[in-house]
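# task: produce atomic coordinates for the following.
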Amino acid sequence: MIRFLSSKVGLAVVVLGFMHFFNMNAIAKFGRKVGRWLHEASYEVAAREARTNEA
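Modelled structure (predicted):
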């Protein structure tokens, strides 16, 4: 009984660990992409403001 239960708990821990690793990898990848978008958007806003201040 204990051997069966411990194998089930161990399998669940391994599966949750794999899911955690996959999710953290996806968050890191998409976080860099979103960070680039925000960085580009801030340059566009600054350029737009500079153009309106010149006119």
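
# low-confidence regions, this protein specifically.
Applying pLDDT under 70 to the chain picks out residues 45, 54-55.

# in this protein, which spans are helices?
In the chain, helices defined by DSSP state H lie at 2-54, listed in chain order.

# need the residue closest to the centroid of it.
Of all residues in the chain, the one closest to the mean position by C-alpha atoms, centre = their mean is residue 27, 1.5 Å from it.

# distance check, it against residue 36.
Separation of residue 27 from residue 36 (C-beta to C-beta, to the nearest Å): 15 Å. Every C-beta, even on glycine, is put in place using the N, C-alpha and C of the backbone.

# residue 49 now?
To residue 36, residue 49 is 21 Å away according to C-beta to C-beta.

# please apply the same query to residue 46.
Counting by C-beta to C-beta, the gap between residue 46 and residue 36 amounts to 16 Å.

# try residue 44
Distance of residue 44 to residue 36, given as C-beta to C-beta: 13 Å.

# how deep is residue 6 tucked in, by neighbour count?
By other C-beta atoms under 10 Å, the residues close to residue 6 number 10.

# begin at 12, not 1, for the rest of this chat.
Noted, 12 is the first residue going forward, which turns the last one into residue 17.

# please report the distance of it from residue 28.
Residue 17 sits 16 Å away from residue 28 when distances are taken as C-beta to C-beta.

# same check on residue 54?
Here the criterion is C-beta to C-beta. By it, residue 54 lies 40 Å from residue 28.

# likewise residue 63?
In this view, residue 63 and residue 28 are 52 Å apart by C-beta to C-beta.
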